[in-house]
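> okay, here's the prediction I keep looking at, along with the sequence it came from:
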Amino acid sequence: KDAINYVTDKGLMNGTGDGFSPNNNINRAQLVTVLYRMAGQPEVTGENPFTDVPEWAEPYVAACYTNGITSGYDAKTYGGSDTVTTGQAALMLLKALGYFQYQSDFEDDWQFATIKQAGKIELFEDVDSGVTEAMTRNDLAQLVLNALESGMVEADDDTIKVNADGVIVEAGKVTYNYVTSDKAYARAISD
């Protein structure tokens with residue numbers, strides 16, 4: 001209840017016409033809309049490359065796609081009406097916070113890496129949906145509140161990259177450090 005009150009009070013999530021509808025599932029277009037609002041509604045500088053995004057969601061998908069927070073199934077298909085699993089929502093939120101900036105962050109399994117990082121920052125605290133289950137509006141509200149309480153990070157890439165005759169080898173580890181900023185997205189998180 002506290003999370004729902006928070007996200008609706010801050011304008012991050014709206015009702016559905018039938019109240020908040022906490023048990024309804026969230027789809028990909030709705031999730032990027034919430035992420036866009038979390039970022040302080042920045043100016044959209046990129047374009048939506050996908051042909052299957054509802055018109056109302058195009059600027060939100062464009063903003064999140066341009067900033068590397070979301071991607072499509074392929075170059076033209078986004079799947080905006082597809083439900084989002086808790087793991088997918090967590091990954092997008094972690095990317096919005098600054099995590100997963102390098103391919104090496106994903107290790108061998110994006111879902112396991114997401115769960116591992118989300119556990120470190122307590123992103124799943126009080127979230128009832130399983131990682132592979134469809135995300136409900138109720139659990140998204142809690143996930144958003146947990147993300148906002150965890151803070152933004154910036155990558156410190158301490159890896160070594162060698163490119164020899166087209167073979168690329170990377171070694172080392174990326175470290176993420178907490179940052180503070182006076183940018184619009186940081187003020188939105190502070191609020």
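Sure thing, it's come through. Since this is a predicted model, take the numbers as computed values, not measurements. Numbers count the residues shown, from 1 in each chain.
> which outside residues touch the longest helix along the chain?
Ranked by residue count under DSSP state H, the longest helix found in the chain is helix 137-150. Here helix 137-150 makes contact (Cβ atoms under 8 Å, 6 or more residues apart in numbering) with 2-4, 6-7, 12-13, 16, 20-26, 31, 34, 38, 86, 89-90, 93-94, 96-97, 121-129, 135, 189. Any C-beta I mention is one placed from the backbone N, CA and C, and that applies to glycine too.
> for stretch 57-77, same thing?
28-30, 32-33, 35-36, 39, 42, 44-53, 78-80, 92, 95-96, 101.
> just the buried members of these?
Using 16 or more other Cβ atoms under 10 Å as the burial test, those include 28-30, 32-33, 35-36, 39, 44, 48, 50, 53, 78-80, 92, 95-96 as buried.
> what's the pLDDT at Ala89?
pLDDT for Ala89: 95.
> looks to me like it is in a strand.
No. Counting by DSSP: H, G, I helix; E, B strand; the rest coil, Ala89 is located in no strand; its state is helix.
> show me the contacts for it.
Per Cβ under 8 Å, 6+ apart, neighbours of Ala89: Ile26, Leu31, Met135, Leu140, Leu143.
> burial of the last one, as a residue count?
Here the number of neighbours of Leu143 (other Cβ atoms under 10 Å) works out to 28.
> buried ones in the longest helix of the chain?
Within helix 137-150, the residues that qualify as buried are 137-148, 150, counting by 16+ other Cβ under 10 Å.
> hang on, the earlier thing: which ones among the buried ones among the contacts of stretch 57-77 map onto helices?
Arg28, Ala29, Gln30, Val32, Thr33, Leu35, Tyr36, Met92, Lys95, Ala96.
> phi, psi for the spatially closest residue to the fifth one that is not a sequence neighbour please.
This points to Thr33. In space, and not counting its chain neighbours, Thr33 is closest to Tyr60: 4.6 Å by Cβ to Cβ, 6 or more residues apart in numbering. Backbone torsions of Tyr60, given as degrees, to the nearest 10, read phi -70, psi -40.
> how about the strands in this structure?
For the chain, the strands defined by DSSP state E cover 153-157, 160-164, 167-171, 174-178.
> can I get the longest helix of the chain in CSV, CA atoms only?
Coordinates of each C-alpha in helix 137-150 appear next as CSV, following Å, rounded to 0.1, in the frame of the first residue of the first chain:
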residue,chain,number,x,y,z
ARG,A,137,1.2,-3.4,-11.0
ASN,A,138,1.4,-3.9,-7.2
ASP,A,139,4.8,-5.5,-7.4
LEU,A,140,6.0,-3.0,-9.9
ALA,A,141,5.1,-0.2,-7.5
GLN,A,142,7.2,-1.9,-4.8
LEU,A,143,10.1,-2.6,-7.3
VAL,A,144,10.1,1.1,-8.3
LEU,A,145,10.2,2.3,-4.7
ASN,A,146,13.0,-0.1,-3.9
ALA,A,147,14.9,1.1,-7.0
LEU,A,148,14.5,4.7,-6.0
GLU,A,149,15.8,4.0,-2.5
SER,A,150,18.9,2.2,-3.7
